[in-house]
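[1] Give me the fold of what follows.
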Amino acid sequence: MADPNQNIFFVDDDLIERLMRGDAPVDANRPRRAVASQALVKAVELASSGRPDDAIRELETAAQAGEESVDVYSSLGHLYYEKKSWENAAKNYQSVVEREPSHRTAHYNLGLCWERLGKLADAAQEFEAAAAIDAEMWQPLAGRGFCLLKSGKPEDALGCLDAALERIARSGKNVDQDRILTGKAIALQQSGRMEEAADLYKKLLPANPNSPPLLSNFIAVSMARKDDDRVKELSERLLKAQPQAPQALQGLAAAAISRGDYSAAVQCCSQLVKVAPDSYVGWFNLGIAYQKTGRWEQAANAYREAALIKPSAVEASANLGAVLQERGDLAGARRAYERALAASPDLPGVLWNMALLSERDGHPEQAESFYGKLVAANPDWEDAAFRLGYLQLKRNDYAAAVQSFETCLNKRGDWPEALLNLGLAQWKSGNPDGAAATYRKLLAMHPAHVEALRALTALAIECKHAGEAREFHRQFAAAGGSSAELAYNLGLLQQASGDPAAAVESYRAAVAIQPDFGEALLNLGHALKASGQEQEARLAWSQAVAAAPDLAATYFPQ
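    Numbering: from 1, shown residues only. Sure thing, here's the model as predicted:
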C-alpha cells in the first residue's frame with residue numbers, strides 16, 4: 001500500500017521565475033563607441049524622456065536605413081526587454097551575437113529572453129556561452145542552473161549553481177547569494193539529498209523567516225526526512241504567515257498520521273480539501289485518516305476523489321479496494337484493484353488481495369495466476385509462494401509445487417507447513433528420497449512432529465522398508481498420532497514381509513482406533529492363524545463378518 005506520508009515537492013515555479021527575473025539585461029563593462037550615431041543619441045533622449053516607443057521607432061528606422069550596428073540592436077533589445085516584448089528583444093540580441101559572437105552580455109540577455117519564452121534549452125545554451133566568454137561572470141552560470149532546475153535536471157543544475165557560488169567567492173564582492181542558495185536547496189531536494197537541503201533551508205530561513213516558498217519546501221524536505229516535530233513547527237509558522245496554506249495543512253496532516261493521531265489528521269485534511277479541492281495528497285491522506293478511524297464509507301469516498309484527481313496514482317485505487325473489501329463489497333473491491341493493476345501490474349499488495357478474492361470466489365486458476373505474478377516479481381513474499389504451491393499441489397502439478405515451496409523456504413527455512421507440503425510434492429513427483437530428506441529435516445527441528453512422523457511412516461510403507469516403517473509408526477503413536485489406515489497398511493507390509501506377529505500388533509492397533517474396520521479384522525484373522533492362534537483367528541473373522549457382511553461373500557463363499 002501507499003506511504004501515507006508521501007508528498008509532492010513544493011518547488012514553486014513562481015519562486016524560480018522570481019529568481020530569474022531578478023537579473024535585468026546586463027550591458028556593464030562593455031567598451032563604448034567613441035562617437036554614437038545620431039539615431040542612437042536621439043533614441044536615448046526619447047527613452048530618457050519617457051517615450052520608449054518613439055525610441056524604438058527611431059532605432060528601427062535607422063536599422064532599416066542600413067545602420068545595422070551592434071549598438072543599435074543591443075539598444076533595441078534593451079528597450080523591447082523593458083516592455084516585456086521577449087520575442088522582439090530576443091530577435092535583436094540574436095542580431096548582436098551574429099555580428100559580435102564574443103558579446104557576453106548579448107548572450108546573457110538573449111538567455112534571459114529565451115527563459116521568459118519557456119525555451120529553456122536555448123536559454124541554457126546562451127548562458128553557457130556567456131559564462132565561457134567571461135570567466136569572472138557568475139550570473140550566466142546561475143541562470144543556466146535555474147534553467148536546468150526548471151527542466152527537471154537537478155543534478156546538472158547543482159553543478160552550475162556551485163560554479164556560480166565559486167565565482168562569487170573568488171571575486172571577493174559582497175553579492176547577495178540567497179537566490180542562488182535557494183535554487184541549490186531546491187536542486188538538492190529534487191535530487192533526494194534531503195539532509196543537505198534541510199541544512200540549506202535552515203541557513204536561509206533567518207533572513208526570510210515567513211517566506212512561503214522557503215517554508216513550503218522545508219516542510220516537504222522535513223516530511224521526507226520524517227522529522228515530524230520540524231514539520232509541525234514549520235507548518236504552524238506557515239499558517240501564521242499564510243492562513244489556510246495548503247502546504248501547511250498537508251504538513252500538519254502528515255505529522256498527525258505519522259504519530260497516529262488520525263482524528264487530528266481528519267481535521268487537517270478536511271480543511272485542506274476545502275481550500276485545495278484538487279489536492280490528490282489531501283484526499284488520499286484524508287482516506288488514510290478515515291480508514292484508520294474505522295470510518296469506511298468516508299474513507300472510500302475520499303479515495304474515490306483522489307483517484308479521480310490522479311487516475312495514474314495506483315495507491316488511491318489500491319486503498320479503495322482494501323476499504324471496499326473490508327466492507328464486504330467484493331465486486332467493488334475487485335474493480336478498484338483492477339484499475340490499480342491496469343496502471344501498475346506488479347503491485348504486491350493488490351496482487352495478493354486479488355488472489356485472496358479469487359480463492360474466496362471459487363476461482364483457483366485466477367488465484368494461482370495472481371500468486372504466480374506476485375512471486376515472480378517479489379520472491380520474498382513467502383506467503384504468496386506458499387499459497388501458489390498449495391494450489392499447484394491441489395491440481396496435481398507437483399513439479400511446479402516443488403519449485404514454489406522451495407522458493408517459500410528460501411525466505412523462511414523453518415516453516416513446518418511448507419516443509420510438509422514440499423515433502424508431499426516431492427513424493428508425488430516421483431522423488432521419495434527427496435521427500436524423506438525433507439521430512440527428516442522437519443523432524444530434526446521438531447522431534448515429535450506428528451505429521452512428519454505420519455508422512456515418514458507412510459513413505460517407508462510405500463518403499464517397503466518394514467523396520468523403518470514400524471519405528472516411525474511407534475514414534476507417531478508416542479507423539480499422540482492416531483490413524484487406523486496407517487496401522488492397517490503397516491500390518492499389510494509386515495504380513496507380506498513374513499512377520500505375522502508384528503502384523504497382528506499393527507492390525508490390533510488399527511481395530512483399536514476403528515472397531516468396525518472389517519478389512520483389518522479379516523487380515524488380523526489371517527495373521528493370527530499364521531502365528532498358530534487359530535481360535536483367536538476365528539474370533540477375528542467372525543468380528544470381520546459382523547462389521548462388514550460383504551467380506552463373507554468375498555472370503556468365505558458359501
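
[2] Could you double-check that G349 sits in contact with N319?
    No - contact criterion Cβ atoms under 8 Å: G349 and N319 do not qualify, at 9.4 Å. Backbone N, C-alpha and C define where each C-beta goes, glycine included.

[3] quick one: which of these two has more around it?
    N319 (27 against 18; other Cβ atoms under 10 Å).

[4] Secondary structure class of that one, three-state.
    Of the three states, N319 takes helix under DSSP: H, G, I helix; E, B strand; the rest coil.

[5] Am I right that it is in contact with R304?
    No - at 10.5 Å, N319 and R304 do not qualify as touching, with contact defined as Cβ under 8 Å.

[6] ok, F146 to L422 distance?
    60 Å (Cβ to Cβ, to the nearest Å).

[7] For the stretch 151-300 of the chain, which residues score under the pLDDT cut-off?
    For the stretch 151-300 of the chain, no stretch has pLDDT under 70.

[8] now swap in the stretch 1-150 of the chain and tell me
    In the stretch 1-150 of the chain, residues with pLDDT under 70: 1-36.

[9] All the helices of it, residue numbers only.
    13-21, 38-48, 52-64, 70-82, 86-99, 104-116, 120-133, 139-150 (DSSP state H, counting those that start in this stretch).

[10] Show me how far the fifth one is from its chain's centre.
    Using Cα atoms, centre = their mean, to the nearest Å, we find the averaged C-alpha position of helix 86-99 to lie 48 Å away from the chain's own average C-alpha position.

[11] what do you get for the fourth one?
    The chain centroid and the centroid of helix 70-82 are separated by 52 Å, computed with Cα atoms, centre = their mean.

[12] Which elements pack onto it?
    With contacts taken as 3 or more Cβ pairs under 8 Å, 6 or more residues apart in numbering; DSSP states H and E, helix 70-82 sits against helix 38-48, helix 52-64, helix 86-99, helix 104-116.

[13] winner for burial among the ones you listed?
    Mean neighbours per residue, mean count of other Cβ atoms under 10 Å, is largest over these for helix 104-116, with a mean of 26.

[14] quick one: contacts for the residue nearest to E382 when sequence neighbours are not counted?
    The shortest distance from E382 to any non-neighbouring residue, by Cβ to Cβ, 6 or more residues apart in numbering, is to K411 (4.2 Å). Going by Cβ atoms under 8 Å, 6 or more residues apart in numbering, K411 touches P379, D380, E382, A385.

[15] picking that back up, distance to H446 for the helices and strands packed on helix 70-82 - can I get that in JSON lines?
    JSON lines is the format used below for the helices and strands packed on helix 70-82 (distance: least, Cβ to Cβ, whole Å):
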{"stretch": "helix 38-48", "distance to H446": "95"}
{"stretch": "helix 52-64", "distance to H446": "92"}
{"stretch": "helix 86-99", "distance to H446": "79"}
{"stretch": "helix 104-116", "distance to H446": "71"}
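
[16] for those, which one sits closest to A333?
    With Cβ to Cβ, the closest approach to A333 among the helices and strands packed on helix 70-82 belongs to helix 104-116: 49.0 Å.

[17] That closest one versus helix 120-133: what angle between them?
    160 degrees (axes from the mean of the first three to the mean of the last three Cα atoms, to 10 degrees).

[18] For helix 104-116, list the C-alpha coordinates in PDB.
    This file holds the C-alpha atoms of helix 104-116, laid out as PDB (Å, rounded to 0.1, in the frame of the first residue of the first chain):
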ATOM      1  CA  ARG A 104      29.000  38.300 -23.500                       C
ATOM      2  CA  THR A 105      26.100  40.500 -22.300                       C
ATOM      3  CA  ALA A 106      24.200  39.900 -25.500                       C
ATOM      4  CA  HIS A 107      24.500  36.100 -25.000                       C
ATOM      5  CA  TYR A 108      23.400  36.500 -21.400                       C
ATOM      6  CA  ASN A 109      20.400  38.800 -22.200                       C
ATOM      7  CA  LEU A 110      19.400  36.500 -25.000                       C
ATOM      8  CA  GLY A 111      19.400  33.700 -22.500                       C
ATOM      9  CA  LEU A 112      17.100  35.700 -20.300                       C
ATOM     10  CA  CYS A 113      14.700  36.300 -23.200                       C
ATOM     11  CA  TRP A 114      14.600  32.600 -24.100                       C
ATOM     12  CA  GLU A 115      13.900  31.700 -20.500                       C
ATOM     13  CA  ARG A 116      10.900  34.100 -20.400                       C
END
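
[19] buried stuff in the helix or strand that contains Q271?
    Applying DSSP states H and E as the criterion places Q271 in helix 262-275. Neighbour counts over helix 262-275 (16 or more other Cβ atoms under 10 Å) mark Y262, A264, A265, V266, Q267, C268, C269, S270, Q271, L272, V273 as buried.

[20] Now the element after that helix, going C-ward?
    helix 280-292.

[21] Outside of that following helix itself, list whatever touches it.
    Taking Cβ under 8 Å, 6+ apart as the rule, helix 280-292 contacts 2, 4, 6-8, 246, 249-250, 253-254, 256-257, 260, 262-263, 265-266, 269-270, 272-273, 276, 296, 298-300, 302-303, 305-306, 309-310, 313, 315-316, 319-320, 322-323.

[22] List the contacts of the helix holding Q271.
    So helix 262-275 is contacted by 244, 246, 249-250, 252-253, 256-257, 279, 282-283, 285-286, 288-290, 292-293, 302, 305 (Cβ under 8 Å, 6+ apart).

[23] ditto for stretch 463-473
    Contacts for stretch 463-473 (Cβ under 8 Å, 6+ apart): 432, 453, 456-457, 460-461, 486-487, 490, 493-494, 497, 499, 502, 506.

[24] let's go with 7 Å and repeat that
    Applying Cβ atoms under 7 Å, 6 or more residues apart in numbering, the contact partners of stretch 463-473 are 432, 453, 456-457, 460-461, 486-487, 490, 493-494, 497, 499, 502.

[25] Tell me which of the helices and strands packed on helix 70-82 lies nearest to A512.
    helix 104-116 (93.5 Å).

[26] angle of that closest one against helix 86-99?
    Going by the same axes, to 10 degrees, helix 104-116 makes 150 degrees with helix 86-99.

[27] who are the neighbours in contact with I219?
    Contacts of I219 (Cβ under 7 Å, 6+ apart): V231, L234, S235, L238, Q247, G251.
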